[in-house]
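# Got a sequence here, can you build the structure:
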Amino acid sequence: MIGRLKSYYRNLSLADKIRYSYAVVLIPMLVIIVICVLNLYLNNARYKDMIQSAVVAGEFSLDFKEDFDYETYLLVVENKTVEESRVYSLLDDAERIVSDLTALADSDEDTTRLSSVNQYLENLHKYIERIELNLATGNRYEENMMIWENDVQIVTALLSETFNEYIYYEIRDIQSARDHIQKNTLLIISLTSVATILLLIVTIVFSYIIPRSITRPIYEIRDVTKQVADGNLDVRTHIEYGDEVRELGDALNVMIERIGDLLDQVTVEQVRLRHAELELLQAQINPHFLYNTLDTIVWLAETGEQARVVSMVGSLSKFFRTSLNQGKDNITIGEELQHAGSYLEIQQVRYQDILSYEVSVPKELWGYMIPKITIQPLVENALYHGIKNKRGMGTIRISGRKGDDCFYIDVADDGIGMSEDRLAQIRDRINKADPDSNEIFGLYNVNERIRLRAGDGYGISIESSYGNGTVVTVKLPYVVYGE
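Numbers count the residues shown, from 1 in each chain. This is a model prediction of the structure:
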């Protein structure tokens, strides 16, 4: 039996092994959580009802007997009329409280006591009605005094005593419920602690068994690939268990056989590809920008600016999502504008005293394609070499316009601008095959990527005037998604 289980487990896929490991840990944990939550809910519901009952009972006036007896006496001696007297309002308040308590009653003893209180209130109604009738038919003072002394005062005393008894038992039940909840809580804590320890032991055991069964064939593949990387193309994998890993091993063996025939060509292509990737990544992701942004987020968090932290993290997430973009080289104008907008939102938090921006590209251009990371480097260049070198507030404007067979995206700033000599120097370096200045590497990279994809007739152009600002114009052909 154990052997069959081991064989069955060995042949499970990696996904199934991981699922079983999750189930072993999560299911007991969920059971414990459900038991604790259910127990807490039931105890809380019971305790809440008892507190509510005590609160409602507390609305009953402790001076009910004195107030009702006095109001009845004033009625008997005709110091007050029935309309002026508070006897009926006192009875109504008491009946309302008893009705609310009856709805909350959860024991036969409470129901019996409340039934007695209701009976007393009905008797008081009858006594008041008799007194009222006597007053209406003539001055029967002696009979009314007898009702007040022998009936009303006795019943109000019984009613107050019964109500006080009800409150006493409610308080006692609350105390008992609290003791029960405490004992129950301690029991749950003890059981949870024991279950947690057992679960921890099981987790430790499975954390050794399951990863070992998963990683052992992977380690074999790793060793084989390491030897292949060292130049040994005669090595092969021999994996017998696990569907995915076995298929992976077979595929690796096939791949090793093919590598021998393609090794020289692949080596040359990998060197070229790696060189191109490094250049592209250098232009796409500026580590200083990331570090400064994270420092700003930390500063905002320390100063309690939670809303701005959330906004800035969201913008940073959108920025890098577009930067990566699942490896696609071309995206829509709308996506590229969102990427540049995320960058500007982040930088505006850092440079709020000197930076504002406007984006006014017509939506009819948003569906056309553009090489990824085209506008953002131009915006970055405008900020760091234009706006920051100017005193006071500066504005970056991103606009677009249509031509006959192409469209244009303008990134303009009202920063410090450039002299004619400096502008000529920048234009010359952008068109060089290997620019010798990191300052214009972003502009060079954008221009080269556009020309590689669209042709030599497209790219960027620069206009600038010292003291007035700079405009960088991107010229692109009309290409829609899928073309």
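
# Quick one: list the elements packing against the top helix by length along the chain.
Longest helix in the chain, counting residues (DSSP state H): helix 153-229. The contact analysis (3 or more C-beta pairs under 8 Å, 6 or more residues apart in numbering; DSSP states H and E) places helix 153-229 against helix 14-58, helix 64-76, helix 108-137, helix 243-284. To be clear about C-beta, it is placed using only N, CA and C from the backbone, and glycine gets the same treatment.

# Quick test: name the residue nearest the centre of the protein.
Nearest to the mean C-alpha position of the chain, counting by C-alpha atoms, centre = their mean, stands Val310 at 10.7 Å.

# show me the contacts for that residue.
Under the criterion of C-beta atoms under 8 Å, 6 or more residues apart in numbering, Val310 has no contact partners.

# Which helix or which strand is home to it?
Using DSSP states H and E, Val310 falls within helix 306-324.

# right, and the helix or strand after that helix?
Downstream of helix 306-324, the next assigned helix or strand under DSSP H and E is strand 330-332.

# Now that next one: average pLDDT?
The pLDDT scores in strand 330-332 average 87.

# by contact count, what packs against the host helix or strand of Ala412?
According to DSSP H and E, Ala412 maps onto strand 406-413. For strand 406-413, the packing partners by 3+ C-beta pairs under 8 Å, 6+ apart come out as helix 375-382, strand 394-402, strand 469-477.

# and the angle from the first one to strand 394-402?
Helix 375-382 and strand 394-402 meet at an angle of 140 degrees, taking axes from the mean of the first three to the mean of the last three C-alpha atoms, to 10 degrees as the criterion.

# who does helix 375-382 touch, helix- and strand-wise?
On a contact count with 3+ C-beta pairs under 8 Å, 6+ apart, helix 375-382 meets helix 333-350, strand 394-402, strand 406-413, helix 441-454, strand 469-477.

# if you set the cut-off to 7 Å instead, what comes out?
helix 333-350, strand 394-402, strand 406-413, helix 441-454 (3 or more C-beta pairs under 7 Å, 6 or more residues apart in numbering; DSSP states H and E).

# can you put the ones you listed in a markdown table and add distance to Ile373 and mean neighbour count?
A markdown table is the format used below for the helices and strands packed on helix 375-382 (distance: least, C-beta to C-beta, whole Å; neighbours: other C-beta atoms under 10 Å):
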| stretch | distance to Ile373 | mean neighbour count |
| --- | --- | --- |
| helix 333-350 | 7 | 21 |
| strand 394-402 | 14 | 18 |
| strand 406-413 | 13 | 20 |
| helix 441-454 | 8 | 20 |
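
# Save these as JSON lines, and put in distance to Leu114 too.
Listed next are the helices and strands packed on helix 375-382 as JSON lines, based on distance: least, C-beta to C-beta, whole Å:
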{"stretch": "helix 333-350", "distance to Leu114": "65"}
{"stretch": "strand 394-402", "distance to Leu114": "76"}
{"stretch": "strand 406-413", "distance to Leu114": "80"}
{"stretch": "helix 441-454", "distance to Leu114": "83"}
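
# so which of the ones you listed gets nearest Val228?
Relative to Val228, the nearest member of those by C-beta to C-beta is helix 441-454, separated by 33.4 Å.

# can you dump the C-alpha coordinates of that closest one into CSV?
In CSV, the C-alpha atoms belonging to helix 441-454 read as follows (Å, rounded to 0.1, in the frame of the first residue of the first chain):
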residue,chain,number,x,y,z
PHE,A,441,22.2,59.2,-25.7
GLY,A,442,18.4,59.1,-25.1
LEU,A,443,17.8,61.4,-28.1
TYR,A,444,20.1,59.3,-30.3
ASN,A,445,18.5,56.0,-29.1
VAL,A,446,15.0,57.3,-29.9
ASN,A,447,16.1,58.5,-33.4
GLU,A,448,17.9,55.3,-34.3
ARG,A,449,15.0,53.0,-33.2
ILE,A,450,12.6,55.0,-35.3
ARG,A,451,14.8,55.0,-38.3
LEU,A,452,15.4,51.2,-38.0
ARG,A,453,11.7,50.5,-38.0
ALA,A,454,10.3,53.2,-40.3
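
# That one relative to helix 375-382, how many degrees between them?
150 degrees.

# Each with direction, which strands does the following helix or strand past helix 441-454 pair with?
Downstream of helix 441-454, the next assigned helix or strand under DSSP H and E is strand 459-465. For strand 459-465, the paired strands and their directions (DSSP bridges) are strand 469-477 (antiparallel).

# Could you pull up the mean pLDDT of the partner strand?
Averaging pLDDT residue by residue across strand 469-477 gives 93.

# isn't Pro28 right up against Leu199?
Yes - between Pro28 and Leu199 there is a contact at 5.3 Å, judged by C-beta atoms under 7 Å.

# what's the domain layout of this protein?
1-264, 287-477 (automatic domain parsing).

# most packed of the ones you listed?
Across the domains of the chain, averaging neighbours per residue (mean count of other C-beta atoms under 10 Å) puts domain 287-477 on top, at a mean of 17.

# just how off-centre is that one within its chain?
In terms of C-alpha atoms, centre = their mean, to the nearest Å, the gap separating the centre of domain 287-477 from the centre of its chain is 31 Å.
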